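Peer 1: Here is a sequence together with a model predicted from it:
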Amino acid sequence: MTALVRWSLAELAGSQRFFAPVLAFLAVLGVFFSGPPGPALDGYAATSIALFWFAAWTAWALLESEDDTSRLVTASAAGGPVRPAAGRLLAAGLVVLGLVVTATMLPPLLGAFLPAPARADVLTGLAAGLVTALSGIALAALCTRPLIRRPAPAIVVMVLIALLTMAEPGPLAWVLPPVIPVARALSHPEDGLAALLRAGLGSAALSAAAFAVHLVVVRRRA
């Protein structure tokens, strides 16, 4: 599996598809923290929302970086398509983890928070970023091959689901990534820990289901 993850990362680096989402993410962080310093948890609430969008974009870029011919060769060498697909998901998680760490550690290093955040605030921001980033990877997994074969429809579906997530419609809230609840938990710290825990459990359950669907479809359409 380690070799498959390395191969997926090499494919992403060779395709240079990571460049646009990573550069855009850094630009958004720059816009977020270009003003006067503010409370840490409010800043992390904003970055948690941004991480959902950019995790989905970055993960989608990685999951789509290998063309069909290369996928067939990789699947043949790995003894089937499921292990390479799992390797791509793990590689996406590693890349997105870099975004989460950057979004968590860069603002304090640049003095963007006032007062200086306590360790508990930084850890809370890290946890929130992990929750929303995981949801972004799961969304990308449902909008890539072989579930949606053409890029344009995949991007449209991904953006529409992300917008629905921002709107947080009542009837669909339980099947959508808990991004807004995470941001709300950071903005209202009096109930933040319990709300963040609920959102984390919801994100883990939805993401596990999304990854399972992705791998089942990969196996059946091989």
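Peer 2: Structure received. Numbering: from 1, shown residues only.
Peer 1: so where's this protein uncertain?
Peer 2: 169, 189-192, 222 (pLDDT under 70).
Peer 1: For it, just list every one of the strands.
Peer 2: Applying DSSP state E to the chain gives no strands.
Peer 1: Any buried residues in stretch 65-84, and which?
Peer 2: Ser65, Glu66, Arg71, Thr74, Ala75, Ala78, Pro81, Val82, Arg83, Pro84 (16 or more other CB atoms under 10 Å). Quick note: C-beta positions are derived from backbone N, CA and C, even for glycine.
Peer 1: wait, stretch 171-189
Peer 2: Neighbour counts over stretch 171-189 (16+ other CB under 10 Å) mark 173, 176-186, 189 as buried.
Peer 1: Please tabulate the buried residues of stretch 65-84 in a markdown table, including the columns distance to Ala128.
Peer 2: Shown next, in a markdown table, are these (distance: CB to CB, whole Å):
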| residue | distance to Ala128 |
| --- | --- |
| Ser65 | 28 |
| Glu66 | 31 |
| Arg71 | 34 |
| Thr74 | 35 |
| Ala75 | 36 |
| Ala78 | 35 |
| Pro81 | 34 |
| Val82 | 31 |
| Arg83 | 32 |
| Pro84 | 31 |
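Peer 1: returning to what we had before: just the buried residues of stretch 171-189 now: which is nearest Ser135?
Peer 2: For the buried residues of stretch 171-189, the residue nearest Ser135 by CB to CB is Pro177; the value is 3.3 Å.
Peer 1: that older thread, between the buried residues of stretch 171-189, which is nearest Ala24?
Peer 2: Val179 (17.9 Å).
Peer 1: In this structure the closest one contacts Gly129, no?
Peer 2: No. Assessed by CB atoms under 8 Å, Val179 is found out of contact with Gly129, at 11.1 Å.
Peer 1: Overlap in contacts, those two.
Peer 2: Counting by CB atoms under 8 Å, 6 or more residues apart in numbering, the shared contacts of Val179 and Gly129 are Ser48.
Peer 1: about what we covered before: could you work out the most separated pair of the buried residues of stretch 171-189?
Peer 2: Pairwise over the buried residues of stretch 171-189, using CB to CB, the maximum falls at Leu176 and Pro189, 23.6 Å.
Peer 1: re the thing from before, between which two of the buried residues of stretch 65-84 is the distance greatest?
Peer 2: The most widely separated members of the buried residues of stretch 65-84, counting by CB to CB, are Ser65 and Val82 (18.3 Å).
Peer 1: Which of the buried residues of stretch 65-84 fall within helices?
Peer 2: Within the buried residues of stretch 65-84, residues falling in helices by DSSP state H are Arg71, Thr74, Ala75, Ala78, Val82, Arg83, Pro84.
Peer 1: Could you verify my assumption that the third one touches Pro84?
Peer 2: Yes. In terms of CB under 8 Å, Ala75 counts as a neighbour of Pro84; the distance is 5.6 Å.
Peer 1: Report the contact partners of the nearest residue to Ala86 once chain neighbours are set aside.
Peer 2: In space, and not counting its chain neighbours, Ala86 is closest to Leu215: 6.5 Å by CB to CB, 6 or more residues apart in numbering. Neighbouring residues of Leu215 by CB under 8 Å, 6+ apart: Val82, Ala85, Ala86.
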